[in-house]
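Enquirer: Provided below are the primary sequence and the corresponding predicted coordinates.
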Amino acid sequence: MRTVNTRMALVIAACPVCAALMAFLAIACQGGEEAPPAATSAATMARVAFVSNRDGNYEIYAMNADGSGQANLSHTPGSDCCPAWSPDGLRIAFVSDLVDLHPASGGEIYVMNADGSGQTNLTQGPHTDNCPAWSPAGSQIAFTSRRGSGLSEIYLMNPDGAGQANLTNNPGNDWDESPAWSPDGSRIAFFSNRDGNGEIYVMNADGTGLTNLTNNPGGDGDACWWGAEGDLVWSPDGTKIAFSAQREQEQGPPLFWNKEIYVMNADGTGQTRLTNSRAQDVEPVWSPDGSRIAFTSQLTVVGGYSDIYVMNADGTGQAKLTNGAGWDDSPSWSPDGSQIAFVSRRDGNADIYVMKADGTGLANLTNSAGDDVSPVWQP
């Protein structure tokens, strides 16, 4: 059902340990926050969490916005991924495959303080839990779990792990993935294939009011992959949802399904295709002010490299920001919208780069011998 996915290619190429973890997770991982009043200081002061295998296994790291102060936060012998900052920037939720009582588990959700202290296993069970997403108020965490039937469902819990509840509770042979909170915290959008193809659904935060938003025979949205959002993101004002979809079959050679960026109103109306190229256009992310969308595009039909693009929220003004000889993907806006962090393999291994929102001022922040992926700015 899925076509060539630039994120999957990068993850598998960059991460042999996590390729195995992804296979075990089957098809199974993050948020945003208002910019502080002082825009220039926001980018300077905010830290960036990321995942790195520079010490031999994948762990959660953090650094200052200029690349200084890089520190291993999780310090586990297992594989850690999917860092998600709490809205107040004081804690980080993440996924680890190291579980004291259940070593065969495919992943558990942990939380720790921003300096790595106070690590706590929140889910604790013989099942796969992943894709943690904080509510805007920081009072709850939505996540994907394969407990029970072995198929993924959307669950909800308190930040201390209490009150875990299945929100989707669908008995069918399907996958519910990639929970994404509306900015006001009243609703949760997610990806599901319960109708036989990928669709984007929304429900109230208590699981009621389930609605299929996209209702299209193609494939809309995607499951979250190792720290990347599942290709569905709310606009900062909560009125729209951007997503990637494979609805049009392009003529070759070869014949293939490409992915494009779409946007729709929060009730599913007004679905509009924003990109229109024979490419894989994925990973849409809204700028903090909602005026622009950054995304990843792989312009060649099969193989080739991907680059970071930006466009206005209506799809106009599409501009290529990167032009490196390697994979550039996973764009992440700074809290004030002045910078974009991303992953690049232009130097052979994966590093975290940063650039201004217009593509200038490119800098390699991590510059390590290992692979550094999944950058997420502190709110």
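Expert: Great, that's in hand. Residues are numbered from 1 along each chain as shown.

Enquirer: quick one: the helices in this protein?
Expert: Under the criterion DSSP state H, the chain contains helices at 6-14, 16-25, 39-45.

Enquirer: list the residues that contact residue 355.
Expert: By Cβ atoms under 8 Å, 6 or more residues apart in numbering, the contact list for residue 355 reads 321-322, 339-340, 342, 361-363. Where you see a C-beta, it was placed from the backbone N, CA and C, and this is true even at glycine.

Enquirer: just the buried ones among those, please.
Expert: Buried residues within the contacts of residue 355, counting neighbours by 16 or more other Cβ atoms under 10 Å: 321-322, 339-340, 342, 362.

Enquirer: quick check: bridge partners of residue 107?
Expert: Beta-bridge partners recorded for residue 107 (DSSP bridges): residue 128.

Enquirer: so what's the residue count around residue 174?
Expert: Residue neighbour count, defined by other Cβ atoms under 10 Å, stands at 17 for residue 174.

Enquirer: what score does the closest residue to it other than its chain neighbours have for pLDDT?
Expert: Once flanking residues are discounted, residue 174 sits nearest to residue 194: 4.0 Å by Cβ to Cβ, 6 or more residues apart in numbering. pLDDT recorded at residue 194 is 85.

Enquirer: burial of residue 194, as a residue count?
Expert: As a burial measure, residue 194 scores 18 neighbours (other Cβ under 10 Å).

Enquirer: and it, how far from residue 268?
Expert: Look at residue 194 and residue 268: by Cβ to Cβ, to the nearest Å, they are 16 Å apart.

Enquirer: against residue 307, how distant is residue 322?
Expert: From residue 322 across to residue 307, the span is 5 Å (Cβ to Cβ).

Enquirer: quick revisit: closest to residue 152 out of the buried ones among the contacts of residue 355?
Expert: residue 342 (27.6 Å; Cβ to Cβ).

Enquirer: ok, now which ones touch the nearest residue to the closest one once chain neighbours are set aside?
Expert: Spatial nearest neighbour of residue 342, excluding adjacent residues (Cβ to Cβ, 6+ apart): residue 331 at 4.8 Å. By Cβ under 8 Å, 6+ apart, the residues touching residue 331 are 283, 285, 294-296, 308, 340-342.

Enquirer: so where do the strands sit in the stretch 1-150 of the chain?
Expert: With DSSP state E, counting those that start in this stretch as the criterion, the stretch 1-150 of the chain has strands at 47-52, 59-64, 71-72, 80-85, 91-96, 108-113, 120-121, 129-134, 141-145.

Enquirer: go on, the stretch 201-350 of the chain?
Expert: Under the criterion DSSP E, counting those that start in this stretch, the stretch 201-350 of the chain contains strands at 211-212, 219-220, 232-234, 240-246, 249-250, 256-257, 260-265, 272-273, 280-286, 292-298, 306-312, 319-320, 328-333, 339-344.

Enquirer: residue 55 is nearest to which of the ones you listed?
Expert: Comparison of those against residue 55 by Cβ to Cβ identifies strand 339-344 as nearest, at 18.3 Å.

Enquirer: got a pLDDT number for residue 138?
Expert: Looking at residue 138, its pLDDT reads 98.

Enquirer: same thing with residue 328?
Expert: So residue 328 comes in at 95 (pLDDT).

Enquirer: looks like it contacts residue 308 (just checking).
Expert: Yes - assessed by Cβ atoms under 8 Å, residue 328 is found in contact with residue 308 at 5.1 Å.

Enquirer: what touches both of those two?
Expert: In contact with both residue 328 and residue 308: 296, 322, 342, using Cβ under 8 Å, 6+ apart.

Enquirer: closest one to residue 350 out of the residues you listed, please.
Expert: For the shared contacts of residue 328 and residue 308, the residue nearest residue 350 by Cβ to Cβ is residue 342; the value is 10.4 Å.

Enquirer: identify the bridge partners of residue 84.
Expert: Note on residue 84: beta-bridge partners by DSSP bridges are residue 93.
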